[in-house]
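Visitor: sequence first, predicted coordinates after that:
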2 protein chains.
Amino acid sequence: MSPIRLALVGLGKIARDQHLPAIAATEGIELVAIASRNAALDGLPHFTTLEALLASDVAFDAVALCTPPQGRREQAALALSAGKHVLLEKPPGATVSEIGPLIETAREHGLTLFATWHSRFAPAVEPARALLAKRHINTVTITWKEDVRVWHPGQDWIFAPGGLGVFDPAINALSILTRILPHPVFVTGAELAFPANRAAPIAATVEMADSNNIPIRADLDFLQTGPQSWDIRVETDAGAVVLSGGGARLTQDGVVLSDAPEAEYAGIYKHFTGLIEAGQSDVDLSPLALVADAFLLGRRVTVDAFDY
Amino acid sequence: MSPIRLALVGLGKIARDQHLPAIAATEGIELVAIASRNAALDGLPHFTTLEALLASDVAFDAVALCTPPQGRREQAALALSAGKHVLLEKPPGATVSEIGPLIETAREHGLTLFATWHSRFAPAVEPARALLAKRHINTVTITWKEDVRVWHPGQDWIFAPGGLGVFDPAINALSILTRILPHPVFVTGAELAFPANRAAPIAATVEMADSNNIPIRADLDFLQTGPQSWDIRVETDAGAVVLSGGGARLTQDGVVLSDAPEAEYAGIYKHFTGLIEAGQSDVDLSPLALVADAFLLGRRVTVDAFDY
């Protein structure tokens, strides 16, 4: 099979930090063009928009959309209509409902649509899933606290409507949670702290449950300085199962069960090539649906204005 | 077939105004008990909670949940686990995700779960759907403006988290919209006006589209005095198709095509008995998903405090 010719749309921080090295390291996929308003890459054809790329004579098979979520649906619809496979950075869109028609379009055209959740490719996630499938779960606590100024410097889109605010990182936790728990999860309450000058929350607590009424709590903060926390702690009949470092490390009662090197985006691109070869799509909207439900049900409080 | 023995849970305004007369008028269904914190009905066994009803020796087959949405999932889960068919008033719950496990439970137990959207049973809705299936649609405008003090007097739950505020009536419009349009709809932007002292919006504008990029706009207001508006106007290649009076009346370029007497809840109970007989469920979450997306994507503005 000849390599999949990929165009990357949106050459921002996540594309440079993660997508470019992962694409370079993945067999069977080849980067052939960049579409990005402001940035180009030496040695590759560059276009300022996806429309211009599609109108060019560059031949390609697939696009990876690394643009902010607010404009991604239109780009995905355009790419699918032009016969291209589509990989979506997380979150897959600015709303849950806008993704349904994309799934339909992909199906109609026999194309792959892959809504990625990079944290699900963290090395300790599948071991955690396997472990928890055999355990009785009592409670789950998510602690997801990071410094937005460090991880998203100057990224105003994250606090614009549809940018999710603190849920942009926290949806990573929810993507792990919905993967490792054996039953579907839903929101039962939330408190959302909106900075006075922003349209998305900068901190939140979310109460959840599953169909067995396991209490699940998430403490989310985007202003955490010092040590950063990306931890999921599951109290079970066999002690505390802790997934830390964003899914990198798994312990049970303090004993390390898994601590392998991080390779999330390599996993994403390997899965993408496999989906294309198999003619399949992979779109799980449950993490974004939980965020939408937290916004729907959440009590809003206004906190200090935030500036980078 | 012997009649379906129904217990009604939550004897508030909607139950008295709509459910009781519709149940009395429906063949094949019989009201046998009431569970309601504050209210009873002459001549019928009464319990203050669903739990007490289930613990009693009253024999019944199904429950209609007319309680506020915030507590409905727990009641539905309880009833399904006890082997009862369940009818949910609209909206089906306080979140979208909480309904999935109920669908699973109903399936496992071979029971009917019916998430009702009463406005879909308005007499002009199906004629509108049939008409629009044959037309090219240019734009859709929803105007849904009513006086909350008239229609929901003193109902504080409607402004509590999960109560939806102005989206409690507006979800009726969305339930019609998603029924009469040929393609799925999604939210592209929203502005939500929250009273300073309340946790749900009292007015909103919502911008939507479908996969053909038809622009759809909804203007929602809960403080409309004087004439009330429950209208959906669809501009088509064959003129303006207008569904007014909450789905009661259909006109095309001013010519009346349908104007039959209202019988929404009679339609609901007829459909419920049919579902039970056929061993089926009917749960469409798309109207609530649109509301959740409007909360997710919407820009919030604070407006004057509201008191009844």
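Guide: That came through fine.
Visitor: contacts and neighbour counts: CA atoms only from here.
Guide: OK.
Visitor: give me every residue that touches the one residue in the stretch 101-250 of chain A that gets nearest to chain B.
Guide: Here the residue of the stretch 101-250 of chain A nearest chain B is residue A:162; by C-alpha to the nearest C-alpha that distance is 4.6 Å. When contacts are counted by C-alpha atoms under 8 Å, 6 or more residues apart in numbering or on different chains, residue A:162 is found next to A:69-70, A:94-95, A:200, B:296-298.
Visitor: so which of those are in helices?
Guide: When those are checked against helices (DSSP state H), the matches are B:296-297.
Visitor: want to throw the contacts of residue A:162 into TSV with pLDDT?
Guide: TSV is the format used below for those (pLDDT from 0 to 100):
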residue	pLDDT
A:69	90
A:70	86
A:94	94
A:95	96
A:200	95
B:296	96
B:297	95
B:298	95
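Visitor: and chain A, what are its domains?
Guide: With automatic domain parsing serving as the domain definition, the record reports that chain A contains domains spanning A:4-115, A:119-260+A:292-303.
Visitor: for the residue nearest the centre of chain A, which residues are in contact?
Guide: Chain A has residue A:90 as the residue nearest its centroid, 3.2 Å off, counting by C-alpha atoms, centre = their mean. With C-alpha under 8 Å, 6+ apart as the criterion, the residues that contact residue A:90 are A:69, A:115-118.
Visitor: then residue A:117?
Guide: A:89-91, A:172, A:175.
Visitor: in what helix or strand does residue A:233 lie?
Guide: Here residue A:233 sits within strand A:229-236, counting by DSSP states H and E.
Visitor: quick one: average pLDDT of the next helix or strand after that strand?
Guide: Once strand A:229-236 ends, the next helix or strand along the chain (criterion: DSSP H and E) is strand A:239-244. Taken as a whole, strand A:239-244 has an average pLDDT of 98.
Visitor: strand A:239-244 packs against which elements?
Guide: Other elements packing on strand A:239-244 under the criterion 3 or more C-alpha pairs under 8 Å, 6 or more residues apart in numbering or on different chains; DSSP states H and E are helix A:125-133, strand A:229-236, strand A:249-252.
Visitor: could I get that strand in PDB with only the CA atoms?
Guide: Listed next in PDB are the C-alpha coordinates belonging to strand A:239-244 (Å, rounded to 0.1, in the frame of the first residue of the first chain):
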ATOM      1  CA  GLY A 239      -7.200  -0.600  47.100                       C
ATOM      2  CA  ALA A 240      -6.500   2.700  45.400                       C
ATOM      3  CA  VAL A 241      -5.800   2.500  41.700                       C
ATOM      4  CA  VAL A 242      -4.100   5.800  40.600                       C
ATOM      5  CA  LEU A 243      -3.500   6.900  37.100                       C
ATOM      6  CA  SER A 244      -1.200   9.900  37.200                       C
END
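Visitor: residue boundaries of the strands in the stretch 1-150 of chain A?
Guide: In the stretch 1-150 of chain A, the strands defined using DSSP state E, counting those that start in this stretch lie at A:4-9, A:29-35, A:46-47, A:62-65, A:85-88, A:113-115, A:137-145.
Visitor: reformat the ones you listed as a markdown table; add distance to chain B and mean neighbour count.
Guide: Rendered in a markdown table, the data for those read as follows (distance: least, C-alpha to the nearest C-alpha, whole Å; neighbours: other C-alpha atoms under 10 Å in any protein chain shown):
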| stretch | distance to chain B | mean neighbour count |
| --- | --- | --- |
| strand A:4-9 | 21 | 22 |
| strand A:29-35 | 23 | 21 |
| strand A:46-47 | 25 | 20 |
| strand A:62-65 | 19 | 26 |
| strand A:85-88 | 17 | 26 |
| strand A:113-115 | 16 | 25 |
| strand A:137-145 | 18 | 21 |
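Visitor: so which residues on the stretch 51-200 of chain A come close to chain B?
Guide: The interface of the stretch 51-200 of chain A toward chain B, taken as C-alpha under 8 Å from any C-alpha of the partner chain, is made up of A:94-98, A:100-101, A:161-162, A:164, A:184-188, A:199.
Visitor: PyMOL command for the buried members of those residues?
Guide: Only the buried members of these end up in this PyMOL selection, burial being decided by 16 or more other C-alpha atoms under 10 Å in any protein chain shown:
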select buried, chain A and resi 94+95+96+97+98+101+161+162+164+184+185+186+187+188+199
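Visitor: which one of the residues of the stretch 51-200 of chain A next to chain B sits closest to residue B:21?
Guide: Checking these against residue B:21 by C-alpha to C-alpha gives residue A:188 as the nearest, at 33.3 Å.
Visitor: mind showing which ranges of chain A have poor pLDDT?
Guide: Low-confidence regions of chain A, defined here as pLDDT under 70, cover residues A:1.
Visitor: for the residue in it sticking out farthest from the centre, phi and psi?
Guide: In chain A, the greatest distance from the average C-alpha position (C-alpha atoms, centre = their mean) is reached by residue A:57, at 31.7 Å. Backbone torsions for residue A:57, taken as degrees, to the nearest 10, come to phi -100, psi 10.
Visitor: how close does it get to chain B?
Guide: Using C-alpha to the nearest C-alpha, to the nearest Å, we find residue A:57 at a distance of 27 Å from chain B.
Visitor: quick revisit: ok, which of the helices and strands packed on strand A:239-244 comes nearest residue B:302?
Guide: Ranking the helices and strands packed on strand A:239-244 by proximity to residue B:302 (C-alpha to C-alpha) places strand A:229-236 first, at 33.0 Å.
Visitor: in the closest one, what counts as buried?
Guide: For strand A:229-236, a neighbour-count test (16+ other C-alpha under 10 Å) marks A:229-236 as buried.
Visitor: got it, and stretch A:148-163?
Guide: Using 16+ other C-alpha under 10 Å as the burial criterion, the residues of stretch A:148-163 that qualify are A:148, A:157-163.
Visitor: those in helices, which ones?
Guide: In helices, judged by DSSP H, the following of the buried residues of stretch A:148-163 are found: residue A:148.
Visitor: distance to residue A:284 for the buried residues of stretch A:148-163 - can I get that in CSV?
Guide: Output for the buried residues of stretch A:148-163, formatted as CSV (distance: C-alpha to C-alpha, whole Å):
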residue, distance to residue A:284
A:148, 26
A:157, 23
A:158, 22
A:159, 24
A:160, 24
A:161, 22
A:162, 18
A:163, 19
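Visitor: could I get the strands of the stretch 1-150 of chain A as a markdown table with distance to residue A:204?
Guide: Below are the strands of the stretch 1-150 of chain A laid out as a markdown table (distance: least, C-alpha to C-alpha, whole Å):
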| stretch | distance to residue A:204 |
| --- | --- |
| strand A:4-9 | 31 |
| strand A:29-35 | 35 |
| strand A:46-47 | 39 |
| strand A:62-65 | 28 |
| strand A:85-88 | 25 |
| strand A:113-115 | 25 |
| strand A:137-145 | 10 |
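Visitor: buried sites along stretch A:108-123?
Guide: Buried residues in stretch A:108-123, counted by 16+ other C-alpha under 10 Å: A:110-123.
Visitor: host element of residue A:187?
Guide: For residue A:187, the enclosing helix or strand under DSSP H and E is strand A:185-195.
Visitor: so what's the residue count around the nearest residue to residue A:3 once chain neighbours are set aside?
Guide: Take residue A:3 and drop its neighbours on the chain: the residue closest to it by C-alpha to C-alpha, 6 or more residues apart in numbering or on different chains is residue A:28, 4.4 Å away. Neighbours of residue A:28 under the rule other C-alpha atoms under 10 Å in any protein chain shown: 15.
Visitor: how near is residue A:28 to chain B?
Guide: Using C-alpha to the nearest C-alpha, which is the criterion applied here, residue A:28 is 32 Å from chain B.
Visitor: OK, contacts around the nearest residue to residue A:127 once chain neighbours are set aside?
Guide: Among residues not flanking residue A:127 along the chain, residue A:258 sits closest, at 7.4 Å (C-alpha to C-alpha, 6+ apart). Counting by C-alpha under 8 Å, 6+ apart, residue A:258 touches A:123-124, A:127, A:248-251.
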